[in-house]
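>>> compute the structure for the input listed below.
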Amino acid sequence: MKVFVTRKIPESGIELLKNAGHEVVVSDKDGVLTKGELIAELKKDTYDAILCLLTDTVDAEVFDAAPQAKIFANYAVGFNNVDVEEAKKRGITVTNTPGVLTDTVAEHTIALMLSITSRISEGDRLVRAGEYDGWAPLMLLGTDLKDKTLGVLGLGRIGSRVAHIASRGLGMKIAYYDISRDEAFEKEYGATFLATPEELLKVADVVSVHVPLLDSTHHLINKERLEMMKKSAYLINSSRGPVIDEKALVEALKGGVIRGVALDVFENEPLLAPGLSELENVVLTPHIASATDETRGKMAEIAAQSIIDFLSGKTPQNIVT
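Residues are numbered from 1 along each chain as shown. Okay, here's the model as predicted:
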């Protein structure tokens with residue numbers, strides 16, 4: 001059967017599909033396909049399956065452009081780019097790639113936290129600019145993390161792993177908010193459950209965001225909630241950009257409402273809110289939290305295997321709908 005891949009992915013996934021006997025067509029555009037471009041590509045031929053990316057908008061119009069395709073395998077753990085309700089109505093299977101990203105994203109999150117609290121990016125810029133003229137006792141003072149409180153917003157796989165590393169490796173105290181309480185986690189890590197995001201934001205020295213993007217989490221971190229945080233606190237986001245009101249964040253950083261922020265995701269990727277990149281108390285990475293050779297390869301293989309299973313009449317793992 002014929003499979004369309006919306007962007008170049010690690011070759012291991014493509015090889016799996018080919019070895020299973022399928023014809024694979026990979027978009028030759030060097031970059032993200034707009035929805036219009038994706039529809040135009042799908043209309044060029046008849047495809048039995050689509051391997052899509054988080055950057056693809058997949059909705060009714062896209063489904064219409066590929067009427068024979070009954071599986072869309074999303075190369076991501078998130079799937080807010082796919083209209084899953086519309087897929088369900090049409091009997092289309094949607095899959096994702098969870099689990100495999102957990103350790104990689106957690107490690108990147110910790111790297112962001114260490115970078116912003118130790119002012120590593122600022123120091124790097126200073127040295128590269130030729131402005132380092134010798135050691136000074138008050139130069140770029142950061143913040144120790146031992147015995148500080150990490151507030152985890154969303155205790156899923158990644159949030160739990162971040163808490164594990166912060167607790168066991170850095171000696172941090174753990175507080176968390178989630179829609180459900182995990183008493184076993186609390187016992188293992190001495191963690192404190194807080195019943196609302198507001199309670200968490202008030203006590204945390206570092207807030208790490210790990211919630212999915214839903215209507216209820218859009219702008220979860222807004223002007224009012226930023227003002228609830230400690231002035232000495234840091235905010236880390238490696239989940240989804242629109243969880244944070246980026247315009248409000250810029251104003252909070254300019255006004256000293258919080259001490260700093262480290263972001264791997266942005267509200268209107270790849271665009272940044274005006275002024276964000278000009279601030280010194282900010283660390284920015286280009287949505288690369290899962291970007292390791294090992295993890296991106298495994299993601300490709302999971303997405304490909306979902307298609308292989310579906311086209312052979314088996315039930316794929318990681319079905320979203």
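>>> alpha carbons only for contacts and neighbour counts from here, please
OK.
>>> what does the helix or strand encompassing residue 297 contact?
Take DSSP states H and E as the rule and residue 297 turns out to sit in helix 293-311. If you take C-alpha atoms under 8 Å, 6 or more residues apart in numbering as the criterion, helix 293-311 is touched by 1, 9-14, 16-17, 20, 49, 51, 71-76, 95-97, 100-101, 104, 290, 315-318.
>>> list buried residues within those.
When the contacts of helix 293-311 are checked for burial by 16 or more other C-alpha atoms under 10 Å, the buried set is 9, 12-14, 16-17, 49, 51, 71-76, 95-97, 100-101, 104, 290, 316-318.
>>> for stretch 170-179, give the mean pLDDT please.
For stretch 170-179, mean pLDDT rounds to 98.
>>> phi, psi for the residue most central in space within the chain please.
In the chain, the residue lying closest to the centroid (C-alpha atoms, centre = their mean) is residue 239, at 3.5 Å. When read as degrees, to the nearest 10, the backbone of residue 239 gives phi -100, psi -90.
>>> now do the one 4 residues further on
Dihedral pair for residue 243: phi -60, psi -30, per degrees, to the nearest 10.
>>> hang on, it packs against residue 210?
No: Residue 243 lies out of contact with residue 210 (C-alpha atoms under 8 Å); the separation is 9.5 Å.
>>> what's the burial count for the closest residue to residue 211 other than its chain neighbours?
Excluding its sequence neighbours, the residue lying closest to residue 211 (C-alpha to C-alpha, 6 or more residues apart in numbering) is residue 154, at 4.9 Å. Using other C-alpha atoms under 10 Å, residue 154 has 21 neighbouring residues.
>>> please give me every residue in contact with residue 154.
Each residue near residue 154 by C-alpha under 8 Å, 6+ apart is listed here: 176-179, 209-211.
>>> check contacts around residue 46.
2, 66, 68.
>>> would you turn those into TSV with distance to residue 44 and neighbour count?
Formatted as TSV, those follow (distance: C-alpha to C-alpha, whole Å; neighbours: other C-alpha atoms under 10 Å):
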residue	distance to residue 44	neighbour count
2	12	17
66	10	21
68	13	13
